[in-house]
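In: got a predicted structure plus its sequence, pasted below:
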Amino acid sequence: MKKIFLPILIKAGKRIEKRKFNEPPIYIGGCGRSGTTLLLSILSAHNDIFACPRELNLFDRAEITGSDVITPKFYRLYRTFITNRIKSTATRYCEKSPSNICKIPLIEKLHHKNFKLIHIIRDGRDVILSKHPRGKDKYWVEPERWVDDVSEGLKFQDHPSVHTIRYEDLVKDYPNTIGEICSFLEMPLSDEIINWHKNATVRQNNALYQKIDEISTTSVEKWKKPENSERVQQLTGNTEGMKLLEKLGYI
């Protein structure tokens, strides 16, 4: 059934894309539990942006073959266009999947360098403390993943289409941080995004098990609590982990 209707879905989705979106697409990436979902919700408040409400992992199993980029999962984007209401003012779409941070060369080639990607980084000592709701003693992110994902993204920190931010700056200094993001995206700093929580179209996400809350600093520096010391040691005892924390100014 899927094979029969897939070409129709793709054709219809491409028609919507061509008609609605004439500005560079926006991608959000970063190690899981670093604030990617919060950032998506914030950007969803802007009138110029249609934010895909679910993680699509568009570049799963994607590959570069000669001059082409093969993207077997890109139909998910077109399905999203068809099954969701797109605000009449939107001129670009925004897709958030943490794995995007490891797919920048693919994204760049697919869009002929005409894209924007925001890499959000969070203190790894807090990242690795995030418990998985499906397992009492299970964590979302292991120290090695944080090191690998952040390091991969930092390879492109000077890329003109990539903007790197810190989660801590987003929650502690929202006005300046969102101003820099809008400048990078070449969009006005609108009242809607300043008061994002009143205007966000994405309030739940498959990466979370609860509604997205307003900005808070309560999740910053949880690693300092004595009961977390053993878990934190798994990162600080990692040579590469310590180097990265120092490089990013967390230590």
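Out: That came in fine, so what should we check first?

In: longest single helix anywhere in this structure?
Out: The longest helix of the chain (DSSP state H) is helix 2-20.

In: each with direction, which strands does the next helix or strand after it pair with?
Out: Helices and strands here follow DSSP states H and E; after helix 2-20, the next one along the chain is strand 26-29. Applying DSSP bridges, strand 26-29 is found paired with strand 92-96 (parallel), strand 116-121 (parallel).

In: let me have these in CSV, extended by distance to L154 and mean neighbour count.
Out: In this view, the C-beta of every residue, glycine as well, is placed from N, C-alpha and C. Formatted as CSV, these follow (distance: least, CB to CB, whole Å; neighbours: other CB atoms under 10 Å):
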stretch, distance to L154, mean neighbour count
strand 92-96, 19, 23
strand 116-121, 8, 26
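
In: export these to CSV and tack on distance to N176?
Out: Below are the strands paired with strand 26-29 laid out as CSV (distance: least, CB to CB, whole Å):
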stretch, distance to N176
strand 92-96, 21
strand 116-121, 15
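
In: what is the residue nearest to the spatial centre of the chain paired to in the beta sheet?
Out: Centroid check for the chain by CA atoms, centre = their mean gives I28 as the closest residue, at 2.8 Å. Counting by DSSP bridges, I28 is bridged to K96, I118.

In: so who does it touch?
Out: Taking CB atoms under 8 Å, 6 or more residues apart in numbering, we find I28 in contact with T36, L39, L40, L43, C94, E95, K96, S97, N100, L117, I118, I120.

In: ok, I193 next?
Out: Contact partners of I193, counting by CB under 8 Å, 6+ apart, are I42, L43, A45, H46, I178, C182, N199.

In: for Y78, see how far away the last one is.
Out: Between N199 and Y78 the distance, using CB to CB, to the nearest Å, works out to 26 Å.

In: where does the stretch 151-251 of the chain dip in pLDDT?
Out: Low-confidence segments of the stretch 151-251 of the chain, defined by pLDDT under 70: 206, 208-209.

In: helix or strand: which one has T37?
Out: Assigned by DSSP H and E, T37 belongs to helix 36-43.

In: hey, C-alpha coordinates of that helix in PDB?
Out: Extracted as PDB, the C-alpha positions of helix 36-43 are listed here (Å, rounded to 0.1, in the frame of the first residue of the first chain):
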ATOM      1  CA  THR A  36      16.700  20.900  20.500                       C
ATOM      2  CA  THR A  37      13.000  20.500  21.300                       C
ATOM      3  CA  LEU A  38      12.800  23.700  23.300                       C
ATOM      4  CA  LEU A  39      14.500  25.500  20.400                       C
ATOM      5  CA  LEU A  40      12.100  24.100  17.900                       C
ATOM      6  CA  SER A  41       9.100  25.200  20.000                       C
ATOM      7  CA  ILE A  42      10.600  28.700  20.200                       C
ATOM      8  CA  LEU A  43      11.100  29.000  16.500                       C
END
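
In: which helix or strand lies directly C-terminal to it?
Out: With DSSP H and E, the next secondary element past helix 36-43 is strand 49-51.

In: show the subsequent helix or strand relative to that next one.
Out: According to DSSP H and E, the helix or strand after strand 49-51 is strand 63-65.

In: which of the contacts of I28 lies closest to E17?
Out: Checking the contacts of I28 against E17 by CB to CB gives E95 as the nearest, at 12.1 Å.

In: in the stretch 151-251 of the chain, what residue spans correspond to strands?
Out: For the stretch 151-251 of the chain, the strands defined by DSSP state E, counting those that start in this stretch occupy 162-166.

In: show me the contacts for P72.
Out: By CB under 8 Å, 6+ apart, the residues touching P72 are D60, R61, A62.
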